[in-house]
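Asker: this one's structure only:
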């Protein structure tokens, strides 16, 4: 297997970092070394003061075929728990990290690959992309946070329909069901996702960060959410970004956000 550096390409496009899974011989299966590389790259992007948004995609015409089944032989119960520690670290980074993450999906997003795409804040899918929650085809329960994120995105009934049947479905169904925000022409998902990332990068990073933090607390009851909303807004009212945004609005000009 290639080393972690070649398994994940990390490119900068101005304020956007593009992370490309590059395990093409197995359709970007999420083998342990790729998971480690994803964690390192996500941590670096979140710590990068010049990065305002992240795009996650796959090389070779596919997003990800899911877990690396060839590397699962001999995994024990305790071993399975250890493997999931890496998975859960990545899930938490993507959900609670303050920078928006956009998935650009071409080809297949299956099993853990589907969950990985769903964990992104926004999903841009090629019209011929295929999605599949196929864990039950190998006798496993959906992981990579799938049982948490899919009901939030799709609703409980639709999540059960997708998870329990294990059948593939297309990008237009994914959009109707809440799993994708945009469907674009084949071969253009990365470019469209990068353009969207640049759009988000031009907005207040503090505002987007606090919005993600609020939404990551779902599902909560109304009182908890209103308290969290008040806490976040109280901080933002004291920020330089709010002062700049307010002045720019009144002066009828584009704001210049600093992230402070």
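Answerer: Now that the structure is in, tell me what you want to look at. Keep in mind it's a predicted model, so treat the numbers as computed, not measured. Residues are numbered from 1 along each chain as shown.

Asker: OK, contacts around the nearest residue to residue 247 once chain neighbours are set aside?
Answerer: The shortest distance from residue 247 to any residue that is not its chain neighbour, by C-beta to C-beta, 6 or more residues apart in numbering, is 7.9 Å, and that residue is residue 255. C-beta: built from backbone N, CA, C; applies to glycine. Applying C-beta atoms under 8 Å, 6 or more residues apart in numbering, we find residue 255 in contact with 204, 241, 244, 245, 247, 248, 249.

Asker: ok, now how distant is residue 101 from residue 229?
Answerer: Here residue 101 is placed at a distance of 22 Å from residue 229 (C-beta to C-beta, to the nearest Å).

Asker: same thing with residue 240?
Answerer: 21 Å.

Asker: before we move on, what about residue 165?
Answerer: In this structure, residue 165 and residue 229 are separated by 37 Å, where distance is defined by C-beta to C-beta.

Asker: Who are the packing partners of the one helix or strand residue 159 maps to?
Answerer: Taking DSSP states H and E as the definition, one finds residue 159 inside helix 156-165. For helix 156-165, the helices and strands in contact under the criterion 3 or more C-beta pairs under 8 Å, 6 or more residues apart in numbering; DSSP states H and E are helix 146-154.

Asker: what do you get if the cut-off is 10 Å, keeping everything else the same?
Answerer: Contacts of helix 156-165 with other secondary structure elements, assessed using 3 or more C-beta pairs under 10 Å, 6 or more residues apart in numbering; DSSP states H and E, are made with helix 112-119, strand 130-132, helix 146-154, helix 171-176.

Asker: what pairs with the shortest one, and is each one parallel or antiparallel?
Answerer: In its sheet, strand 130-132 lies beside strand 108-110 (parallel), strand 169-170 (antiparallel), with partners assigned from DSSP bridges.

Asker: To residue 196, which of those lies closest?
Answerer: In this view, these are compared for proximity to residue 196 by C-beta to C-beta, and strand 108-110 is the closest at 17.5 Å.

Asker: where's the closest one relative to the chain centroid, distance-wise?
Answerer: Shown here is strand 108-110, whose average C-alpha point lies 14 Å from the average C-alpha point of the whole chain (C-alpha atoms, centre = their mean, to the nearest Å).

Asker: got it, and stretch 184-195?
Answerer: Between the mean C-alpha location of stretch 184-195 and the chain-wide mean there is a distance of 16 Å, by C-alpha atoms, centre = their mean.

Asker: list the buried ones in that stretch?
Answerer: Buried residues in stretch 184-195, defined by neighbour count with 16 or more other C-beta atoms under 10 Å: 184, 189, 190, 192, 193, 194.

Asker: how near is the third one to residue 121?
Answerer: Pointing back at residue 190 there. 16 Å.

Asker: do the same with the second one
Answerer: Using C-beta to C-beta, one obtains 15 Å as the distance from residue 189 to residue 121.

Asker: Strands of this protein, start to end?
Answerer: 8-13, 16-21, 53-58, 101-105, 108-110, 122-126, 130-132, 169-170, 182-184 (DSSP state E).

Asker: Those strands into TSV, with extra columns for distance to residue 155 and mean pLDDT?
Answerer: Output for the strands of the chain, formatted as TSV (distance: least, C-beta to C-beta, whole Å; pLDDT from 0 to 100):
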stretch	distance to residue 155	mean pLDDT
strand 8-13	32	97
strand 16-21	28	98
strand 53-58	24	98
strand 101-105	20	98
strand 108-110	19	97
strand 122-126	16	98
strand 130-132	16	98
strand 169-170	15	98
strand 182-184	19	98
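
Asker: Name all residues that make contact with residue 137.
Answerer: Under the criterion of C-beta atoms under 10 Å, 6 or more residues apart in numbering, the neighbours of residue 137 are 69, 110, 111, 166, 167.

Asker: could I get those residues as a markdown table with distance to residue 23?
Answerer: As requested, the contacts of residue 137 are exported to a markdown table (distance: C-beta to C-beta, whole Å):
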| residue | distance to residue 23 |
| --- | --- |
| 69 | 13 |
| 110 | 14 |
| 111 | 14 |
| 166 | 23 |
| 167 | 25 |
